[in-house]
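[1] predicted model and sequence below, questions to follow.
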Amino acid sequence: MCVIRWKLEANLTCCELPLKASRPAYAPASTSMSRRPASSGTVAHVSDSPDFSEEIAYLQNTPVEQILGNHVVVLVQLIGLYLGSTPPNLASAQLLIDTLRAMIEAAGEWLGEHTNLYRSALAEAQQAYVRAAQGPSA
């Protein structure tokens, strides 16, 4: 099992979030895209389109709670980036925190064995937001 580590600020503890599956590396079959001119009323045809079969197979064979858990990790990382920037991007961080909260509330225990860890990560992100909104300590 792979473990992802994240940190919101230097004064916060690190949480370890498990990342059970690795996504397949995506490399398009061809970088050249040739287009046939579109006639009126039709959409242009794209040839040499990339093959998404590996990505589709990954999604079909990975439990939904694991995919959602991976998204939780990404949201937490983004929150850390926005709060850690100078000056902190509070609006973007708030949107991400609200999205993360809604996701955890909606999915609840369906997120699997790491639900409490995700809730802790949300609480830590909210605390970091409050500190960032208050500005630098005097």
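    Sure thing, it's come through. All values derive from a computational prediction rather than experimental measurement.
[2] contacts, neighbours, all on C-alpha from now
    OK.
[3] output the contacting helices and strands for the stretch of helix or strand residue 73 belongs to.
    In the assignment (DSSP states H and E), residue 73 maps to helix 64-84. In terms of contacts (3 or more Cα pairs under 8 Å, 6 or more residues apart in numbering; DSSP states H and E), helix 64-84 is packed against strand 15-19, helix 90-107, helix 115-134.
[4] need these in JSON lines with mean pLDDT and distance to residue 60, can you?
    Below are the helices and strands packed on helix 64-84 laid out as JSON lines (pLDDT from 0 to 100; distance: least, Cα to Cα, whole Å):
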{"stretch": "strand 15-19", "mean pLDDT": "47", "distance to residue 60": "17"}
{"stretch": "helix 90-107", "mean pLDDT": "97", "distance to residue 60": "19"}
{"stretch": "helix 115-134", "mean pLDDT": "96", "distance to residue 60": "22"}
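[5] for residue 53, which of these is the nearest?
    With Cα to Cα as the criterion, residue 53 lies closest to strand 15-19 of the helices and strands packed on helix 64-84, at 21.9 Å.
[6] first-to-last residue distance for stretch 97-116?
    One end of stretch 97-116 sits 16 Å from the other (Cα to Cα, to the nearest Å).
[7] quick one: buried residues of that stretch?
    For stretch 97-116, a neighbour-count test (16 or more other Cα atoms under 10 Å) marks 97, 100, 101, 104, 111, 114, 115 as buried.
[8] cool, stretch 56-74 as well?
    58, 65, 66, 67, 68, 69, 70, 72, 73.
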